[in-house]
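1. based on what follows, work out the 3D shape:
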Amino acid sequence: MGATRPVSRAVTRSVTRKPIGLKFALGSSDTGDVSWTLLAHYACDDNAASGVVLDSENDYDAALDSGNTSTFSAPGQVNTALQLTNGNYIKVNSPYHAVSATKLKIEGYFKISAWGIEGGLGEYLTLADSGTGDPDDNNGFYIIVDNRLSRNNWISFAIMTEGGLHNVHTDGGLLSLDTWYKIVCSYSDGTAEISIDGDSKELTATSYGSGDFSPRDAILAIGAINSGVETLDGYVDEIKLYY
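-> The predicted model follows:
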């Protein structure tokens with residue numbers, strides 16, 4: 001995807017554990033010729049200022065990180081949503097690695113309150129990440145909104161596969177501030193897709209991987225790199241993970 005993303009290593013954070021309205025569910029979804037199994041569903045119906053939920057099945061712990069009190073119940077697309085600001089993000093304990101996933105799909109509603117800062121750390125807004133940096137260095141994937149001037153807030157989706165790094169992006173200028181979008185990113189057997197509000201977008205590939213997705217045994221973060229930087233300033237709702 002051009003210039004190397006800045007990489008920050010994980011830091012230890014203290015998190016107070018309180019129930020919030022996230023949930024686990026099982027099911028399936030069909031996209032084209034690919035059949036998907038629902039791995040986890042985070043409803044984001046938060047009823048507390050900050051906290052944590054421990055999913056009772058399969059050890060897919062979902063936590064709100066950073067411990068600050070700016071996360072609260074907000075109007076969402078289904079019931080309420082989580083507001084992520086001042087470094088808050090959701091983290092889940094290695095769900096794709098736990099099931100030895102060979103493909104992945106992440107979908108959810110996102111509303112961006114502020115763009116990243118052009119130049120230096122913070123020029124990306126992270127929707128999801130499962131490696132501490134570029135997945136060609138650390139197996140996994142990331143989904144980011146790239147704010148560098150020539151990219152105009154395009155969505156970039158990078159996946160480490162058995163055959164190498166598969167990296168695609170949309171055109172720029174597709175997103176506006178303070179607007180809900182349903183964003184879906186999927187990868188299966190050499191094919192990556194990004195859709196916004198049900199509209200599959202034309203993609204530009206900067207590198208082609210092939211074969212199965214190569215999941216990383218690392219925290220999956222929603223709204224940040226899993227080391228807690230390049231955070232999303234906005235809202236998330238109804239996050240679903242499929243494999």
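2. list the contacts for His169?
-> By Cβ atoms under 8 Å, 6 or more residues apart in numbering, the contact list for His169 reads 1, 146, 151, 154-157, 203-204, 206. (C-beta placed from N, C-alpha, C; glycine too.)
3. give me that answer again for 10 Å
-> By Cβ atoms under 10 Å, 6 or more residues apart in numbering, the contact set of His169 is 1-2, 144, 146, 151, 154-158, 192, 194, 201, 203-206.
4. and those, which are buried?
-> With burial judged by 16 or more other Cβ atoms under 10 Å, the buried subset of the contacts of His169 is 1, 144, 146, 151, 154-158, 192, 194, 201, 203.
5. farthest pair in those residues?
-> Greatest spacing in these, by Cβ to Cβ: Arg151 and Ala192 (17.4 Å).
6. report how many residues lie close to the residue nearest to Asp212 when sequence neighbours are not counted.
-> In this structure, Asp212 finds its nearest non-sequential neighbour in Thr102, 3.9 Å apart by Cβ to Cβ, 6 or more residues apart in numbering. Number of residues near Thr102 (other Cβ atoms under 10 Å) recorded here: 17.
7. now the closest residue to Phe157 other than its chain neighbours, which residues is it bridged with?
-> If the residues on either side of it in the chain are set aside, Phe157 comes closest to Cys185, at 4.8 Å by Cβ to Cβ, 6+ apart. Beta-bridge partners recorded for Cys185 (DSSP bridges): Ile106, Ile194.
8. count of residues packed around Cys185?
-> Count around Cys185 with other Cβ under 10 Å applied: 23.
9. pretty sure it is touching Ala192, no?
-> Yes. Applying Cβ atoms under 10 Å, one finds Cys185 in contact with Ala192, separated by 7.4 Å.
10. identify the contacts common to those two.
-> By Cβ under 10 Å, 6+ apart, Cys185 and Ala192 have these common neighbours: 141, 157, 159, 168.
11. most neighbours, which of those residues?
-> Counting neighbours by other Cβ under 10 Å, Phe141 comes out on top of those with 28 neighbours.
12. let me see the backbone angles for that one.
-> With angles defined as degrees, to the nearest 10, Phe141 sits at phi -160, psi 170.
13. return the set of residues that bridge with the residue lying closest to it once chain neighbours are set aside.
-> Counting by Cβ to Cβ, 6+ apart, Phe141 lies nearest to Ile159, which is 4.4 Å off, once chain neighbours are set aside. Beta bridges link Ile159 to Phe141, His166 when assigned by DSSP bridges.
14. could I get the contacting residues of Ile159?
-> Ile159 neighbours (Cβ under 10 Å, 6+ apart): 103-104, 130, 135, 139-143, 165-168, 185-188, 192, 209, 213-215.
15. list the contacts of Leu177.
-> 111-115, 153, 233-234.
16. repeat that for 6 Å
-> Leu177 sits next to Ile112 when contact means Cβ atoms under 6 Å, 6 or more residues apart in numbering.
17. now it: how far from Tyr235?
-> Per Cβ to Cβ, to the nearest Å, Leu177 is found 11 Å from Tyr235.
18. Thr191: how many residues sit nearby?
-> Number of residues near Thr191 (other Cβ under 10 Å) recorded here: 15.
19. now the phi/psi pair for it, please.
-> Taking degrees, to the nearest 10, you get phi -120, psi 120 for the backbone angles of Thr191.
20. which residues of this structure score low on pLDDT?
-> Applying pLDDT under 70 to the chain picks out residues 1-32, 46-59, 61, 66-71, 117-122, 132-138.
21. all helices for it, in order.
-> Assigned by DSSP state H, the chain shows helices spanning 95-98.
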